[in-house]
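1. Only the shape, not the letters, is given here:
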């Protein structure tokens with residue numbers, strides 16, 4: 001596990017340079033930015049190019065959160081959701097992320113859709129945008145971007161994508 005995390009930290013930094021969050025998320029409206037993190041999502045049944053009902057189990061961590069005006073510097077998150085998605089574009093998905101911060105506080109954010117954007121050279125960017133429904137940053141917006149550097153398009157075409165993981169950046173805004 002330590003080797004896995006050691007490999008992901010440089011990937012997280014590289015992903016922020018190559019695929020920064022959209023301007024509205026990364027600009028001055030951000031009230032908390034967590035630039036380093038990892039995420040793992042599992043899918044049942046596995047994702048395929050055909051849109052189908054899929055259950056998602058999402059887990060991860062975030063660190064380096066700034067500004068830490070509420071003493072939040074990082075935490076863990078989890079989400080269970082279902083949706084009609086595929087491995088090429090994503091699709092509508094209903095879920096609630098629960099972030100448990102280093103302070104013990106919990107932020108919950110719901111999201112209505114997953115956007116999957118395959119990019120050149122096996123890189124895929126997954127974007128989730130949702131409404132913060134409780135806890136710190138309630139009433140704001142959560143933007144979570146995952147960069148998957150080893151996305152296997154062949155596995156997608158076979159319908160064998162049962163898990164994805166990568167580096168993430170999460171931004172909470174007051175918009």
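-> Alright, I've got the coordinates. None of the values given here were measured: they were computed from a predicted structure. Numbers count the residues shown, from 1 in each chain.

2. and residue 112, how many residues sit next to it?
-> Using other CB atoms under 10 Å, the number of residues around residue 112 comes to 13. Heads up, the C-betas are built off the backbone N, CA and C, glycines and all.

3. Hmm, it is touching residue 96, no?
-> No: Residue 112 is beyond contact range of residue 96, at 11.0 Å (criterion: CB atoms under 8 Å).

4. Show the contacting residues for the nearest residue to residue 160 once chain neighbours are set aside.
-> Closest residue in space to residue 160, ignoring its immediate chain neighbours: residue 46 at 5.5 Å, by CB to CB, 6 or more residues apart in numbering. Going by CB atoms under 8 Å, 6 or more residues apart in numbering, residue 46 touches 159-162.

5. how near is residue 86 to residue 103?
-> Distance of residue 86 to residue 103, computed by CB to CB, to the nearest Å: 38 Å.

6. Please say which of those two ends up with more neighbours.
-> Neighbours per residue (other CB under 10 Å) separate residue 86 from residue 103, with residue 86 holding more: 19 against 14.

7. phi, psi of the more buried one?
-> Per-residue torsions, residue 86: phi -140, psi 170 (degrees, to the nearest 10).
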